[in-house]
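>>> got a predicted model here, sequence first, then my questions.
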Amino acid sequence: MNKKPKISVIMATRNSEMFVDFSVQSIVDQTYDNFEFLIIDDGSSDNTFKLLEEHSRIDRRIILFKNKKSVGLTKCLNFLLKKSTGNFVARMDSDDISFKDRFQKQINFLKEKEYFLVGGNALRIDLNGNVFHKTNVPLDNKQIKTHAIFENPFIHPSIMFKKNDILYNEKFQTTQDWEMYIQIFKKGKVKNLSDFLIKQRIHSKSMSSSKRSLQIENSIKVQKSYLKDLSSKHISSPFLKKLNRTILNHKEKLSNNEINQLFKETIEISRQIDDSKIDNIYLKKIIYIRFLKFALKFKLIKFFISIFFSNKVYTITLVLIYIILEQLNSIKFRLFRKFV
């Protein structure tokens, strides 16, 4: 009798015939073998389901479902959550690849620690599987909860969490995972491992590319709701929209005066947040990094200089070192991609 905790792996897919074989095989090849793999085909018009059927005939841990018409990712994931029978739930995407020891690392952590959810880092790959970026996610509980004020703190297909009654909010067609994490924060501690757990494929058909505007709109909803939990101060939607369109996503430019005003507003809001719930030093670091990166990209020298000379030099130096290291990392992976 297998006494190891059972994992329910859930994956929704649609028209993924190019990559789904690699994705499924990476789960089948996991060193931790006590799992069920629940996959739903959300109305594919290509050969995705036929490929899945071939896998399911070979491995009985694979359980297939099929929608005649597409209902969207959020409803598919909730359907699979309700069907799952494991002690833990792991997410997977049909164009990504899990490293073979991913489940073992995550289950070892969740069994021994009083944590509710654990994720990890990803190597980002292109259509041909070439690595062009490696992520650097926040690691500890308070840093993750702080990071979630501005951005999604987890890589969705890397997460594993304890089975519970939480479902994705079906009002969200995108950022449904970020919204769910905010609910999970109320249930217990969370963690990101520093290890690279998956290869995450980024391409023109991925949601992060094709539905960016909707993502920003939904991000604002998540941020506003979360800030309401963290602070007694009302945070306006216009402020969050401006912050997302400029500092967080670089979709619009700002003048020196505009960025200076937005910076002051952001600092003021940060002072209203309950210190017991977040890492205040880490929050300040995030704000400085985001604003200084934006100022450097759009050559807002006046703002950059004013921030540098009006604050403690050692703090700004640390931020600049972080930005330089991040840029060097980006250059290294672009070169890797070019010559592989």
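Alright, I've got the coordinates.

>>> any stretches of the protein with poor pLDDT?
In the predicted model of the chain, residues 1-2, 204-210, 308-340 satisfy pLDDT under 70.

>>> ranges for the helices of it?
Remark: helices assigned in the chain by DSSP state H are 20-28, 48-58, 73-83, 102-112, 141-147, 176-185, 207-210, 212-230, 237-243, 256-271, 280-297, 301-309, 313-339.

>>> okay, those helices in CSV with mean neighbour count and distance to M11 next?
From N, CA and C alone the C-beta is placed, and that goes for glycine too. Shown next, in CSV, are the helices of the chain (neighbours: other CB atoms under 10 Å; distance: least, CB to CB, whole Å):
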stretch, mean neighbour count, distance to M11
helix 20-28, 20, 7
helix 48-58, 16, 10
helix 73-83, 19, 8
helix 102-112, 18, 14
helix 141-147, 21, 24
helix 176-185, 20, 14
helix 207-210, 12, 14
helix 212-230, 17, 20
helix 237-243, 16, 32
helix 256-271, 16, 37
helix 280-297, 18, 31
helix 301-309, 15, 44
helix 313-339, 13, 27
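
>>> turn these into a markdown table, columns for distance to H156.
Output for the helices of the chain, formatted as a markdown table (distance: least, CB to CB, whole Å):
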| stretch | distance to H156 |
| --- | --- |
| helix 20-28 | 14 |
| helix 48-58 | 20 |
| helix 73-83 | 10 |
| helix 102-112 | 14 |
| helix 141-147 | 14 |
| helix 176-185 | 4 |
| helix 207-210 | 10 |
| helix 212-230 | 12 |
| helix 237-243 | 22 |
| helix 256-271 | 26 |
| helix 280-297 | 20 |
| helix 301-309 | 33 |
| helix 313-339 | 21 |
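
>>> so which of those helices gets nearest N249?
Minimum separation from N249 across the helices of the chain (CB to CB) falls at helix 212-230, 6.3 Å.

>>> and that closest one, what does it pack against?
The helices and strands touching helix 212-230, judged by 3 or more CB pairs under 8 Å, 6 or more residues apart in numbering; DSSP states H and E, are helix 176-185, helix 237-243.

>>> what angle sits between it and helix 256-271?
Interaxial angle, helix 212-230 versus helix 256-271 (axes from the mean of the first three to the mean of the last three CA atoms, to 10 degrees): 40 degrees.

>>> of the helices of the chain, which is nearest R201?
Of all the helices of the chain, helix 20-28 sits nearest to R201, with 8.9 Å by CB to CB.

>>> returning to that earlier point: turn the helices and strands packed on helix 212-230 into JSON lines, columns for distance to F150.
As requested, those are exported to JSON lines (distance: least, CB to CB, whole Å):
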{"stretch": "helix 176-185", "distance to F150": "11"}
{"stretch": "helix 237-243", "distance to F150": "8"}
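
>>> between the ones you listed, which one is nearest to S306?
Minimum separation from S306 across the helices and strands packed on helix 212-230 (CB to CB) falls at helix 237-243, 19.0 Å.

>>> show me how far the closest one is from its chain's centre.
What separates the centre of helix 237-243 from the centre of its chain is 21 Å, taken as CA atoms, centre = their mean, to the nearest Å.
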